[in-house]
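Visitor: coordinates only, sequence not included:
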């Protein structure tokens, strides 16, 4: 061996160099940490039990992780690893609902869904908590139907949950977890009847019933229904409205939310609702409204029953305005109607109507004062 200092040859095992006297200290070479081969899997302790884990790869890229927990000993977990590895080797595959939903969210189709819709779907997925750790192949139609039936709410929450289940089962087919055709069990899940759409406009008789309710004690909720029907304002716009920008003498409300076309627009005040707004303004606490949203919607249901009108949501009042504006003869231009309602004049990024057409308040007032509501 060589001396660590003078590099001269000395006998193996010499403690000191015979030439320079340097003590020969050797540091054991650190052994390189070894890793299990790809796809072998690993085990780890979680609480008082052990879990087996195998990373699933597609084209060398990790796309999901398959785990199985609850083993009493480390050896039990290690012995189970071959069962998890069968998926990578072309054998039977097992996936939990949660693992498949992770793949759904990584898909291109999921990314193409609008952020607002994805938010609705994520809320729906939270309602499937009881089956998240279940092997999707073990799920049966009857329990899926019972799960959806047990979700609070009427049609829409249940519909979104069914949609998410369909996406998960479709992914299970693609991942060879279930046989093709098995995903169709989701399509057989029954939903409650779809409610009447809030885009149905109120009839003249219904609008008269709302006016009658207002005149019988001036309940605020009837007033809001009238304001939305004559201005085209959204429910959210009532709550967001800065009351200092409600100019009753000038017959104009400056407000609006949501789109560029809807924000900070000049909303005309039709003559019939001038006294309504005069009565509502002193009551305003939440924007233009006198109560929070929960109380608002609760009182809306009471008003609907009291007036004997169809149980449509408050958004239908805005659609009523849009419909009545289109019924005016001679016709009011779409550009004018969209300026009142707060719609863009084009589905594209821009249009000549949006860029150059500024509709005067006078033109808007002329239009809303021609609407035949009752």
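Guide: Looks like it came in fine. Remember, predicted model here, so these are calculated numbers, not experimental data. Numbering: from 1, shown residues only.

Visitor: Could you use CA atoms for every contact and neighbour count after this?
Guide: Fine.

Visitor: Strands of the stretch 251-374 of the chain, residue ranges please.
Guide: Secondary structure of the stretch 251-374 of the chain (DSSP state E, counting those that start in this stretch): strands at 252-255, 265-268.

Visitor: Can you lay out these as TSV showing distance to residue 233 and mean pLDDT?
Guide: Listed next are those as TSV, based on distance: least, C-alpha to C-alpha, whole Å; pLDDT from 0 to 100:
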stretch	distance to residue 233	mean pLDDT
strand 252-255	9	95
strand 265-268	8	94
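
Visitor: Just say which of the ones you listed is most tucked in.
Guide: Most buried of the strands of the stretch 251-374 of the chain, by mean neighbour count (mean count of other C-alpha atoms under 10 Å): strand 265-268, with a mean of 24.

Visitor: what's the burial count for the nearest residue to residue 186 once chain neighbours are set aside?
Guide: Once flanking residues are discounted, residue 186 sits nearest to residue 166: 5.8 Å by C-alpha to C-alpha, 6 or more residues apart in numbering. Number of residues near residue 166 (other C-alpha atoms under 10 Å) recorded here: 17.

Visitor: I'd like to know how far residue 166 sits from residue 178.
Guide: Taking C-alpha to C-alpha, to the nearest Å as the criterion, residue 166 is separated from residue 178 by 13 Å.

Visitor: same question, residue 23
Guide: As judged by C-alpha to C-alpha, residue 23 and residue 178 stand 69 Å apart.

Visitor: Neighbour count for the two, which is higher?
Guide: residue 178 (21 against 14).

Visitor: list the contacts for that one?
Guide: 137, 172 (C-alpha atoms under 8 Å, 6 or more residues apart in numbering).

Visitor: and it, which of the three is it?
Guide: coil (DSSP: H, G, I helix; E, B strand; the rest coil).

Visitor: okay, it: pLDDT?
Guide: What the model reports as pLDDT for residue 178 is 91.

Visitor: And it, how far from residue 136?
Guide: Here the criterion is C-alpha to C-alpha. By it, residue 178 lies 8 Å from residue 136.

Visitor: joint contacts of these two?
Guide: Common neighbours of residue 178 and residue 136 (C-alpha under 8 Å, 6+ apart) are residue 172.

Visitor: do you know how far residue 267 is from residue 79?
Guide: 71 Å.

Visitor: let me redo that: residue 11
Guide: 49 Å.

Visitor: just residue 41 next, same as before
Guide: The value you get for residue 41 to residue 79, if C-alpha to C-alpha is used, is 11 Å.

Visitor: Those two: which is more packed in?
Guide: Between residue 41 and residue 79, counting by other C-alpha under 10 Å, residue 41 is the more crowded of the two (21 against 10).

Visitor: correct me, but that one touches residue 55?
Guide: Yes. Assessed by C-alpha atoms under 8 Å, residue 41 is found in contact with residue 55 at 6.8 Å.

Visitor: burial measure for residue 152, as a count.
Guide: 10.

Visitor: Check residue 288 too.
Guide: 22.

Visitor: who's in contact with it?
Guide: Counting by C-alpha under 8 Å, 6+ apart, residue 288 touches 238-243, 280-281.

Visitor: same thing with residue 326?
Guide: Counted by C-alpha under 8 Å, 6+ apart, residue 326 has contacts 332, 337.

Visitor: Tell me the confidence at it?
Guide: For residue 326, pLDDT reads 91.

Visitor: Any figure for the gap between it and residue 340?
Guide: Using C-alpha to C-alpha, residue 326 is found at 12 Å from residue 340.

Visitor: any chance you could map the helices in the stretch 51-200 of the chain?
Guide: According to DSSP state H, counting those that start in this stretch, the stretch 51-200 of the chain carries its helices in the segments 74-85, 97-106, 108-112, 115-126, 141-149, 155-174.

Visitor: Would you tell me which of the ones you listed gets closest to residue 319?
Guide: Among the helices of the stretch 51-200 of the chain, the nearest to residue 319 by C-alpha to C-alpha is helix 155-174 (20.3 Å).

Visitor: Quick one: mean pLDDT over that closest one.
Guide: 93.

Visitor: what helices or strands is that helix leaning on?
Guide: Counting contacts by 3 or more C-alpha pairs under 8 Å, 6 or more residues apart in numbering; DSSP states H and E, helix 155-174 packs against helix 97-106, helix 115-126, helix 141-149.

Visitor: Which among the ones you listed is found nearest to residue 263?
Guide: Residue 263 lies closest, by C-alpha to C-alpha, to one member of these: helix 115-126, at 18.9 Å.

Visitor: buried residues in the closest one?
Guide: 121, 124-125 (16 or more other C-alpha atoms under 10 Å).

Visitor: got the contact list for residue 203?
Guide: Each residue near residue 203 by C-alpha under 8 Å, 6+ apart is listed here: residue 373.

Visitor: just for the protein, where's the confidence low?
Guide: 26-40, 56-64, 84-93, 194-199, 258-259, 261, 344-357 (pLDDT under 70).

Visitor: and it, what are its domains?
Guide: Here the domain parsing of the chain from automatic domain parsing is 42-92, 98-188, 204-368.

Visitor: Distance across the second one, terminal residue to terminal residue?
Guide: The stretch domain 98-188 measures 22 Å between its terminal residues, going by C-alpha to C-alpha.

Visitor: Contacts only, for residue 25.
Guide: By C-alpha under 8 Å, 6+ apart, the neighbours of residue 25 are residue 15.

Visitor: Renumber starting at 832 from here on
Guide: Got it, the first residue is 832 from now on, which makes the last one we talked about residue 856.

Visitor: That one: which element?
Guide: Per DSSP states H and E, residue 856 falls between elements, in no helix or strand.
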